[in-house]
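Participant: Turn this into a model:
(one chain, ligands or ions: 1)
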Amino acid sequence: MSEQNSQYPLHIAELIDRIGRLTRELQFVHGLNPAQWETLRFLKRANGQSRTPGCLAEFLCATKGTTSQTVISLENKGLLQRCKDPKDKRKVTLHLTEKGREMLCHDPLRKIEDMVRDMEPTINAALTLGLAQILHQLQEAIGARTFGTCKRCTSFRCRSQHPEKQDVCGLTGQPIGEGDNQRVCINFSHGKDCHPFLPEDLEPVLSRQE
Ligand code: SF4
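Facilitator: As a prediction, this is how the structure comes out:
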């Protein structure tokens, strides 16, 4: 490691910790707490097989009991709905209500989004790449699930390989609808050197580095 590069690791670790702390503070608004905001965001982005209380607990890295309290409180506020699966009565799925979707228009993380939008595109690309790599390594280190989308999943079967020209999930055998391949999935399985959280337009930058 060069002398200049050796200054960065501790500084970056401290910045991430500080930003995480302040971002948490930002999310005690509109009568919700950070876990409740994260739940609303998760339900907006998750695919069908991931919108269950168990998957939510894994995404939040929380216990089932704590997650259940979060779900009950959002349900009491009319922001989400619990529905029984008609095919399997023991299975419960979670859905955002219209009020929940409207609440997401006031998502406090938009403040950070606005700050980032005003930054240089090259800084944004480098930040995304670096933060995605840190997140990926951290998830591996603590054994947390790596949620990701179909296009980077090793179970994804592209329509060109399918007789009916339909994208299919190789794990469940179910067709993947338009838009669903952009949603995060608990069963995502990443290949070697895959960075699940990178937007697709950063792939060329990444491949130039490898
Ligand atoms: S292909 Fe992978 S990410 Fe997509 S639904 Fe199947 S398991 Fe989930």
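
Participant: Arg152 reaches Ser189, doesn't it?
Facilitator: No: using C-beta atoms under 8 Å as the test, Arg152 is too far from Ser189 to be in contact (9.5 Å). No exception for glycine: its C-beta is placed from N, CA and C like everyone else's.

Participant: Please enumerate the strands of the protein.
Facilitator: Under the criterion DSSP state E, the chain contains strands at 80-84, 92-96, 156-157, 168-169.

Participant: For Glu102, see how far away Gly48 is.
Facilitator: Counting by C-beta to C-beta, to the nearest Å, the gap between Gly48 and Glu102 amounts to 22 Å.

Participant: next one: phi and psi at the closest residue to Arg183 other than its chain neighbours?
Facilitator: Among residues not flanking Arg183 along the chain, Asn47 sits closest, at 3.9 Å (C-beta to C-beta, 6 or more residues apart in numbering). The main-chain torsion angles of Asn47 are listed as degrees, to the nearest 10 and equal phi -80, psi 180.

Participant: ok, Asn47 to the ligand distance?
Facilitator: Going from Asn47 to the ligand by C-beta to the nearest ligand atom, to the nearest Å gives 6 Å.

Participant: Ok, Thr66 next?
Facilitator: Applying C-beta to the nearest ligand atom, one obtains 25 Å for the distance of Thr66 from the ligand.

Participant: Please list all residues in contact with that residue.
Facilitator: With contacts defined as C-beta atoms under 8 Å, 6 or more residues apart in numbering, Thr66 is in contact with 35, 57, 60.

Participant: Now, the residues you listed that are in helices?
Facilitator: Using DSSP state H to define helices, the subset of the contacts of Thr66 located there is 35, 57, 60.

Participant: Contacts only, for the residue nearest to Arg183.
Facilitator: 180, 183-185.

Participant: near the ligand, from the residues you listed?
Facilitator: Applying C-beta under 6 Å from any ligand atom, the subset of these adjacent to the ligand comprises Cys185.

Participant: Around the ligand, which positions in the chain sit nearby?
Facilitator: Close to the ligand, as judged by C-beta under 6 Å from any ligand atom, the chain has residues 47, 150, 153, 155-156, 169, 171, 185, 187-188.

Participant: same thing but at 5 Å, please
Facilitator: Taking C-beta under 5 Å from any ligand atom as the contact definition, the chain meets the ligand at 150, 153, 155-156, 169, 171, 185, 187-188.

Participant: out of these, which is most surrounded?
Facilitator: Cys185 (25 neighbours; other C-beta atoms under 10 Å).

Participant: measure that one to Ala132 for me?
Facilitator: 17 Å.

Participant: One more: Ile186?
Facilitator: Plainly put, Ile186 is 19 Å away from Ala132 if you go by C-beta to C-beta.
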